[in-house]
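Undergrad: generate a structure from the sequence data that follows.
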Amino acid sequence: MDIFGNFSELRGDREKRRITQKEGRDFSYSDAVIESVSVMEDKEQLSNPFGVKFAIAAVFLLMVFRLFFLQVIHADANQKLAEGNRIRPRVIEASRGLITDKNGVWLARNKPDFALALYPSDLPKRKDDREKVMRQVSEVSGVPYEEIERLVQAKGNHFLEAVVIKDHISHDEALLFEEKTMDIPGVHVALYSSREYAVLPGIAHILGYTGSVSKEDIEKNEEYFLTDRVGKVGLEKEYESDLRGIHGVEQIEVDSRGNVVRVLVKEGNRTPVPGHDVVLYMDRDLQAKAAEALHNGFIQAAEVTGREISAGTVLVMDVKTGGIIAMVSLPDYDNNLFAGKITNEDYQRLINDSNQPLFNRAIKGTYPPGSIVKIVMAAAGLSERVVDVKTAFDTPLAIEVGEYRFPDWKDHGVTNVERAIAESNNIFFYAIGGGFDKIRGIGIEKIKEYWQMFGLGRPTGVDLPGEGQGLLPDPEWKRTVKNEPWYLGDTYHVSIGQGDLLVTPMQMLKMTAVIASGGKLIEPQLVKEVINHNGDIIQEFKRNVEQDGFLDSEVVKTIARGMRMTVTDGSARSLASLPVSVAGKTGTAQFFNNEKTHAWFEAYAPFEDPQIAIVVLIEGGGGGNEVAVPVAREIIDYYFSR
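TA: Sure, this is the predicted structure:
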């Protein structure tokens, strides 16, 4: 079917390839004559010779009149029909829905575009003539003949649909092609719509892009046409069924060259229905600010480490709704490159970039969390009663087990759980996990239970495809993968977010929101609502609490006080001067044989009535307090000063 409209139909007063015909031609005359004769044969008056003669005369006169009607009155029109005019269905493209931020500012929209299209059904029947036409098209378009032949053959049973020879051509090129293809049958300049994306840092990983429909897509959904473009990644893929509209269809008459003569009014014609608009929780301005802050973090990290730093992510959640109001993963890419047919040069550049700009670190990247996961250990220790708010002991500089040494980063002295969170005391959390002195450890099995309670080890449920799940190591995993037993040292390592424990930044945001929300496990959500073309909300996504009450309220309050102390007296004191009260936890996670460290920071604000939760990760950035905390400060200050 023809999903494109002819460009020549939209050319105003330019020469139009049309054949003027009157409406309402009657093609049922012969049927009427036969029916009349049949009726008369059944009547008794046929036995009357006069009646028979009258009937014959009447039929003869009707035939003479019809012959005059066809050969004189409609001679020109019928000559055109004899030369090849025919009726065929044409699909009217449905516009794809918009994607906007929460304020209605567009992030993805449609723009008019031109393409040089060939219609296999309008090509000559003889093979030599078809080849001649395709070679003419090749000469005009610059597209190799072999490629055109391949495209035509690929249509298979879909020969009524257009073959796009060259897309994204300019208006001037469209006019030029229209002139050059005027006498080539089956070739037209087509007007269609293509996708346009906002130029905004980090937005490509959220929106994704559309691409040509695949055979697998068509097998899953018979409503697709070979000319369709469908969501391939990101929200374009996740909300494909909402964004794509329903194509319309109309019957058209075309001449022997495939030019539209007229649109026929027939039963079965269908008006296209536009796709639904998708509205995000995202604030476009906050997204831009988060990206700017992350870039500044890279500069700071480069000064600290002496290396070029260019990869990281920032996530911000509205804890009242569960909505993701900013999500930046850098480096990123321009998804407008994929809006049409990306060049091989651009594609190779993207996939061969060692910084992996196509990789969405926010949901797919897995990293050791370092000390930010200590809030889970605090929850486990308090809930299992191996420590309480009054537990305090003199934590040494290191724990020695045989020949192995498990150090802290400084001598903290006498410490309780709140201060242990604020100062990121390794010894205190070694003790909760594996035991030390008079504190019995809860062990790896219980640790894993609490990881899972906080949503680790599985996708967060955010509405994006391809989410990672991380890794929760345990004795069975180690035996299977490493063929080694589980040691006390393994428990110590994972208790402070090291060892083989891996998490995604989105999981860490979800974990942070547990404390910010008073103990609720909230599913992160990008899309706020889906709206139809009449402006009606047809689907609304409100906060989805997966689990509530799995932590005692006093446990949550104790951890919250420890996170607040991180800002007032601990490793994030640079946030204390902000006009809003902040609670947080820094993290410095070793990797690459402990030679490099990822910089982490998680926070929420205001402390008294939390509105937002935030997670910052800078890959290989050094210490969380030096590098990640300043990024969060910029974002929090901007958010609450508007």
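
Undergrad: what separation do you get for the nearest residue to residue 380 once chain neighbours are set aside and residue 375?
TA: In this structure, residue 380 finds its nearest non-sequential neighbour in residue 450, 4.0 Å apart by C-beta to C-beta, 6 or more residues apart in numbering. The way it works is simple: take the backbone N, C-alpha and C, and place the C-beta from them, glycine included. Residue 450 is 10 Å from residue 375, where distance means C-beta to C-beta, to the nearest Å.

Undergrad: ok, residues contacting stretch 166-177?
TA: For stretch 166-177, contacts defined as C-beta atoms under 8 Å, 6 or more residues apart in numbering pick out 7, 113-116, 140-143, 189, 194, 340-341.

Undergrad: quick one: that stretch to chain centroid distance?
TA: Its chain's C-alpha centre and that of stretch 166-177 lie 29 Å apart, by C-alpha atoms, centre = their mean, to the nearest Å.

Undergrad: tell me the buried residues in that stretch?
TA: For stretch 166-177, the buried set under the neighbour-count rule, 16 or more other C-beta atoms under 10 Å, comprises 166, 169, 174-175, 177.

Undergrad: which residue is nearest the centroid of this structure?
TA: Nearest residue to the geometric centre of the chain (C-alpha atoms, centre = their mean): residue 234, 1.7 Å.

Undergrad: I figured residue 242 was touching residue 532, is that so?
TA: No - the pair residue 242 / residue 532 is not scored as a contact, 9.3 Å apart, by C-beta atoms under 8 Å.

Undergrad: which one of those two is surrounded by more residues?
TA: residue 242 (20 against 16; other C-beta atoms under 10 Å).

Undergrad: packing partners for the helix or strand containing that one?
TA: Element membership of residue 242 [criterion: DSSP states H and E] is helix 240-243. Applying 3 or more C-beta pairs under 8 Å, 6 or more residues apart in numbering; DSSP states H and E, one finds that helix 240-243 contacts strand 229-233.

Undergrad: just to revisit the earlier point, could I get the contacts of stretch 166-177 as JSON lines with neighbour count and pLDDT?
TA: Converted to JSON lines, the contacts of stretch 166-177 look like this (neighbours: other C-beta atoms under 10 Å; pLDDT from 0 to 100):
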{"residue": "7", "neighbour count": "21", "pLDDT": "53"}
{"residue": "113", "neighbour count": "20", "pLDDT": "87"}
{"residue": "114", "neighbour count": "24", "pLDDT": "89"}
{"residue": "115", "neighbour count": "24", "pLDDT": "87"}
{"residue": "116", "neighbour count": "27", "pLDDT": "89"}
{"residue": "140", "neighbour count": "18", "pLDDT": "88"}
{"residue": "141", "neighbour count": "20", "pLDDT": "88"}
{"residue": "142", "neighbour count": "9", "pLDDT": "89"}
{"residue": "143", "neighbour count": "16", "pLDDT": "90"}
{"residue": "189", "neighbour count": "26", "pLDDT": "87"}
{"residue": "194", "neighbour count": "18", "pLDDT": "89"}
{"residue": "340", "neighbour count": "16", "pLDDT": "74"}
{"residue": "341", "neighbour count": "14", "pLDDT": "75"}
